[in-house]
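1. Sequence first, predicted coordinates after that:
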Amino acid sequence: MQEYVTEHWQIRKAAVHGDNGLVASQHHLASDVGAAVLRDGGNAVDAAIATGLALGTVEPWMSGIGGGGYMTVYLAASDTVQVVEFGMRAPYAAIPEDYPLASGGTGADTFNWPKVIGDTNVHGPLSAAVPGYVKGVSMALNKFGTKSWGDIIEPACELAEWGLPIDWFSSRMISGLARGLAQYEQTRLTYLADGLPPVADADGNIKTLRLGRLAETYRRLQSAGPDDYYHGETAYLLARDLEAVGSRIRNRDLAEYEASIELPLTLDYRGARLFVPGNLTAGPSIVQALGFLAEKSITASSAPDLDTYHGYADALLKTYQYRLKEMGAGIPTNTTHICTADKQGNIVSLTQTIMSGFGSRIMSPGTGVLMNNGMMWFDPRPGGPNSVLGGRRPLSNMCPVIVRQSDGSIFAVGACGGRKIFPAVFQLVSFMVDFSMDIDTAIHQARLDVSGTDLVTLMSHMDPAIIDSMQSLYKETRVRPNGVSPNLFALPQIVQRKADGTFSGGCFIPSPHAKVAAI
């Protein structure tokens, strides 16, 4: 009966082209913020940070200043790439006993980890890890940006004061997670004020939702500086509120949190050079998967054939087998991604997250900060390399990639979608490098997903003959549309600076809010 409940429509968003730079994000208001920064003389790093801060106010179920991320930066003047690492870490007082194992089964949201009694690693105060977002983006701004912190955060302050725009999509996101939001007082009061999710105005007028005291916190961070999040009044309020609800996070956790700037991992793949973040991300996995693919001969053509898709699936199956055994499991999360490029040739690939939809569902009353649920990245079984340990940083699925091609072009690519991220980025790299696709073709090319089990999921607009053959090659397959809901495939973005100095970008399909803004 599956065919009777399948979507029979598709969404396309044409690639966008520009002469002086691009900003791609999952929300048009945030993309416009980044584009305005570029027009005002800012560089790609300035634009990425301004866009990311804005996303925390218009897409709060995906990311925000209660989370963390990774930023891969290409600096044109020095022809170098560096990675800013600001992922979440366990509180110093975190202990495995907070996450007692249930009998049998895997967790409600986690992938492959044993189930924890009460899902304390998935939602609630014990699921929150120490956030690194503000520390990381302010470090990137100081190191690579050109604008002041006060200027960069100003648009986000204004959006926070305006409130979350309520349209059909934001209403749907709140409705879909309403049961979880209703379990915790501050998120219930914020998102379900009358006991029900907000709905869009029937006459088409813009209605907004105030996100607690988030606007006041943004303004305080603007005036006092980003360090206030870790050592000032914001730190005090956040630690106080979290302790009050039973979190392990304390002032010391915030005061001693450190972000870092590292060199990327690199891979030469068929004449292109990849730059990816390090060992706590999916970077090593995409390097491994492309290594498997490099061993396979790809027929020169304009698009993948059956043999290529077969190669994609096999490479992903082998890579995930290693990843889950040796490194840890992937997690389904509500991450978001940003790509920016400026006329000087700088390019940024930034992934940021609060993990699951609305993170831990714990909002600090004194700050309006919605906390991540990063503790579910850990293996709840004690004694392993990715087990819960005070002060430890967990594995993640984030994979912001930069690729320098042999013709002199360079592109940034990344995605949201938890464990589905790196399979999507892996295939987009192949589309661009192996088939010399333009951005519009690559972003719409049919993909498959293999993300930790034997199941191979095929996009329904793939060539029917290839679908039939893939179904005969693999025991477990399914064919699904790349639809609005549920998202069974990662949602990618890509921005390219071509060899002639012009730009092209494609954004999340099928997000209704996503936009590439050209300069």
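-> Received, thanks.
2. Tell me which helix or strand comes right after the helix or strand hosting residue 54.
-> Residue 54 is part of helix 44-58, with elements assigned from DSSP states H and E. The helix or strand immediately downstream of helix 44-58 is strand 68-75, counting by DSSP H and E.
3. how far out from the middle of the chain is that following strand?
-> 12 Å (Cα atoms, centre = their mean, to the nearest Å).
4. so who does residue 266 touch?
-> 273, 274, 275, 276 (Cβ atoms under 8 Å, 6 or more residues apart in numbering). Quick note: C-beta positions are derived from backbone N, CA and C, even for glycine.
5. Now rank those residues by neighbours and give me the top one.
-> residue 276 (29 neighbours; other Cβ atoms under 10 Å).
6. Show the pLDDT at that residue.
-> As summarised for this prediction, residue 276 has a pLDDT of 97.
7. Skipping adjacent residues, who's closest to it in space?
-> Spatial nearest neighbour of residue 276, excluding adjacent residues (Cβ to Cβ, 6 or more residues apart in numbering): residue 283 at 3.5 Å.
8. contacting residues for that neighbour?
-> Here residue 283 is in contact with 264, 265, 276, 277, 399, 401 (criterion: Cβ under 8 Å, 6+ apart).
9. right, and residue 496 touches residue 504 too?
-> Yes. Assessed by Cβ atoms under 8 Å, residue 496 is found in contact with residue 504 at 5.0 Å.
10. between these two, what contacts are shared?
-> residue 439.
11. These two: which has the busier surroundings?
-> Between residue 496 and residue 504, counting by other Cβ under 10 Å, residue 496 is the more crowded of the two (27 against 24).
12. Just list what the helix or strand containing that one packs against, helices and strands only.
-> Assigned by DSSP H and E, residue 496 belongs to strand 491-497. Judged by 3 or more Cβ pairs under 8 Å, 6 or more residues apart in numbering; DSSP states H and E, strand 491-497 is in contact with strand 21-25, strand 336-342, strand 410-416, helix 421-434, helix 439-444, strand 503-506.
13. contact partners of the fifth one?
-> Think helix 439-444. Helix 439-444 is contacted from outside by 12-15, 303, 428, 431-432, 492, 494, 496, 504-507, 509, using Cβ under 8 Å, 6+ apart.
14. ChimeraX command for the buried members of these?
-> Here is the ChimeraX selection string for the buried members of the contacts of helix 439-444, based on 16 or more other Cβ atoms under 10 Å:
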select :13,15,428,431,432,492,494,496,504,505,506,507,509
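15. With secondary structure added, can I get the contacts of residue 266 in JSON lines?
-> Below are the contacts of residue 266 laid out as JSON lines (DSSP: H, G, I helix; E, B strand; the rest coil):
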{"residue": "273", "secondary structure": "strand"}
{"residue": "274", "secondary structure": "strand"}
{"residue": "275", "secondary structure": "strand"}
{"residue": "276", "secondary structure": "strand"}
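16. Among those, which one sits closest to residue 139?
-> Nearest to residue 139 among the contacts of residue 266, counting by Cβ to Cβ, is residue 275 at 18.6 Å.
17. Find me the pLDDT at residue 6, would you?
-> 67.
18. Helices along the stretch 251-400 of the chain, start to end?
-> Assigned helices in the stretch 251-400 of the chain, in chain order: 251-255, 283-294, 306-322 (criterion: DSSP state H, counting those that start in this stretch).
19. who touches the longest one?
-> What that stands for is helix 306-322. Contacts of helix 306-322 (Cβ under 8 Å, 6+ apart): 285, 288-290, 292-293, 296, 298-299, 304, 330, 423, 426-427, 430, 434, 448, 450-452, 454, 456, 462, 465-466, 469-470, 473-474.
20. and it, C-alpha only, in CSV?
-> Output in CSV follows, covering the C-alpha atoms of helix 306-322 (Å, rounded to 0.1, in the frame of the first residue of the first chain):
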residue,chain,number,x,y,z
LEU,A,306,24.1,1.9,-12.0
ASP,A,307,27.7,0.9,-11.5
THR,A,308,28.4,4.3,-9.8
TYR,A,309,25.4,4.1,-7.5
HIS,A,310,26.5,0.5,-6.7
GLY,A,311,29.9,1.9,-5.8
TYR,A,312,28.3,4.7,-3.6
ALA,A,313,26.3,2.2,-1.6
ASP,A,314,29.2,-0.2,-1.1
ALA,A,315,31.5,2.5,0.0
LEU,A,316,29.0,3.8,2.5
LEU,A,317,28.2,0.3,3.8
LYS,A,318,31.9,-0.4,4.4
THR,A,319,32.6,3.0,5.9
TYR,A,320,29.7,2.9,8.3
GLN,A,321,30.6,-0.6,9.4
TYR,A,322,33.9,0.7,10.5
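21. Show me what counts as buried in that helix.
-> 308, 309, 310, 311, 312, 313, 314, 315, 316, 317, 319, 320.
22. just to revisit the earlier point, nearest to residue 145, of the contacts of residue 266?
-> Among these, and counting by Cβ to Cβ, the member closest to residue 145 is residue 275, at 19.3 Å.
23. does the closest one have beta-bridge partners, and which?
-> Beta-bridge partners recorded for residue 275 (DSSP bridges): residue 266, residue 402.
24. Tell me how far it lies from residue 81.
-> 4 Å (Cβ to Cβ, to the nearest Å).
25. Give me the common contacts of those two.
-> 72, 74, 264, 402.
26. Need those residues in JSON lines (columns: neighbour count and distance to residue 88).
-> As requested, the shared contacts of residue 275 and residue 81 are arranged in JSON lines below (neighbours: other Cβ atoms under 10 Å; distance: Cβ to Cβ, whole Å):
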{"residue": "72", "neighbour count": "27", "distance to residue 88": "18"}
{"residue": "74", "neighbour count": "25", "distance to residue 88": "25"}
{"residue": "264", "neighbour count": "21", "distance to residue 88": "20"}
{"residue": "402", "neighbour count": "23", "distance to residue 88": "23"}
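27. Now distance to residue 228 too, for those, in TSV please.
-> Formatted as TSV, these follow (distance: Cβ to Cβ, whole Å):
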residue	distance to residue 228
72	27
74	31
264	30
402	32
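28. Which elements pack onto the strand or helix carrying residue 466?
-> Assigned by DSSP H and E, residue 466 belongs to helix 464-473. Applying 3+ Cβ pairs under 8 Å, 6+ apart, we find helix 464-473 packed against helix 306-322, strand 456-459, strand 477-480.
29. The first one vs helix 283-294, what angle?
-> Direction vectors for helix 306-322 and helix 283-294, defined by axes from the mean of the first three to the mean of the last three Cα atoms, to 10 degrees, enclose an angle of 140 degrees.
30. Make a PyMOL selection of the buried ones in the contacts of helix 306-322.
-> Buried members of these, defined by 16+ other Cβ under 10 Å, are picked up in PyMOL with:
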select buried, resi 285+288+289+290+292+293+298+304+330+423+426+427+430+434+448+450+451+452+456+462+466+469+470+474
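31. buried ones in the helix or strand containing residue 236?
-> Residue 236 is part of helix 233-245 when elements are defined by DSSP H and E. Neighbour-count burial for helix 233-245, counted by 16+ other Cβ under 10 Å, picks out 234, 235, 237, 238, 239, 241, 242, 245.
32. Is the last one in contact with residue 363, as I believe?
-> Yep, that's residue 245 we're talking about. No. If you go by Cβ under 8 Å, residue 245 and residue 363 don't touch, sitting 9.9 Å apart.
33. and residue 199, how far is that from residue 43?
-> Separation of residue 199 from residue 43 (Cβ to Cβ) stands at 40 Å.
34. if you count what's nearby, which of those two comes out ahead?
-> The neighbour comparison of residue 199 against residue 43 (other Cβ under 10 Å) goes to residue 43, with 25 against 15.
35. Got phi/psi on that one?
-> With angles defined as degrees, to the nearest 10, residue 43 sits at phi -100, psi -170.
36. Can you check the pLDDT for it?
-> So residue 43 comes in at 98 (pLDDT).
37. quick one: least confident of the buried residues of helix 306-322?
-> residue 320 (84).
38. for the stretch 301-450 of the chain, which spans come out with low pLDDT?
-> 324-334 (pLDDT under 70).
39. Understood, closing this out.
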